[in-house]
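Q: please work out how this folds:
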Amino acid sequence: MTVFQFIYISLLSTTAMSLFSLLLGAILGKPMLEPYWLNAVILHKKTIKHGLGWILHYTAGLGFLYILMGLEPWLTSLPAFNMLWAGLLEGLMGIGMWQVLFWLAHKPENLPLLTYYINLLIAHIVFAAVALSMF
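A: Next up is the predicted model:
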């Protein structure tokens, strides 16, 4: 995979994940978008308009794609299964990263944690599905 392909796949996968979170947030009437909560925790500003949250989110996408590439030797011939287990694994890793961030900084008071973590699990399955379909 070339550097261009890597960045392209990461951008598409992270965007798909973000669109899922945005849609779920619209359905629930609660913000679920990762850059929103990154800005809330780091900058104490609940907004999607600040670039820091987006930069961190898309940078994390590069890291998660790199992890997916490392999982490639363990992928089976069943694409849907790969997308599910790799997405769940990355979702659990993402939840762990958020938990560490909350310990180091703070957890916003009105963040519906269980709902947000379920969102992260499903959003990472979306990420893995898009990424693995492009390998």
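
Q: can you list the buried residues in stretch 96-116?
A: Using 16 or more other Cβ atoms under 10 Å as the test for burial, stretch 96-116 gives Trp98, Leu101, Lys107, Pro108, Leu111, Tyr116. Just so you know, the C-beta spots here come from the backbone N, C-alpha and C atoms, and that holds for glycine as well.

Q: list the contacts of that stretch.
A: Leu28, Lys30, Met32, Trp37, Ala40, Val41, Ile42, Lys46, Ala60, Tyr117, Leu120 (Cβ atoms under 8 Å, 6 or more residues apart in numbering).

Q: who wins for neighbours among the residues you listed?
A: The most neighbours of any of the contacts of stretch 96-116, using other Cβ atoms under 10 Å, belong to Met32, which has 25 neighbours.

Q: want to throw the buried residues of stretch 96-116 into a markdown table with pLDDT, distance to Ile125 and secondary structure?
A: Converted to a markdown table, these look like this (pLDDT from 0 to 100; distance: Cβ to Cβ, whole Å; DSSP: H, G, I helix; E, B strand; the rest coil):
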| residue | pLDDT | distance to Ile125 | secondary structure |
| --- | --- | --- | --- |
| Trp98 | 98 | 16 | helix |
| Leu101 | 96 | 21 | helix |
| Lys107 | 91 | 24 | coil |
| Pro108 | 92 | 25 | coil |
| Leu111 | 95 | 21 | coil |
| Tyr116 | 98 | 15 | helix |
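
Q: let's have the residues you listed in TSV, adding distance to Pro73.
A: Listed next are the buried residues of stretch 96-116 as TSV, based on distance: Cβ to Cβ, whole Å:
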residue	distance to Pro73
Trp98	28
Leu101	30
Lys107	36
Pro108	39
Leu111	37
Tyr116	32
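
Q: and which of those is nearest Ile55?
A: Leu101 (15.2 Å; Cβ to Cβ).

Q: quick one: that closest one from Ala60, how far?
A: Distance, Leu101 to Ala60, by Cβ to Cβ, to the nearest Å: 11 Å.

Q: just Gln5 next, same as before
A: Shown here: Gln5 relative to Ala60, a distance of 19 Å by Cβ to Cβ.

Q: how far out from the middle of the chain is the helix or strand that Phe4 is a member of?
A: Per DSSP states H and E: Phe4 is located in helix 3-28. Distance of helix 3-28 from the chain centroid (Cα atoms, centre = their mean, to the nearest Å) equals 8 Å.
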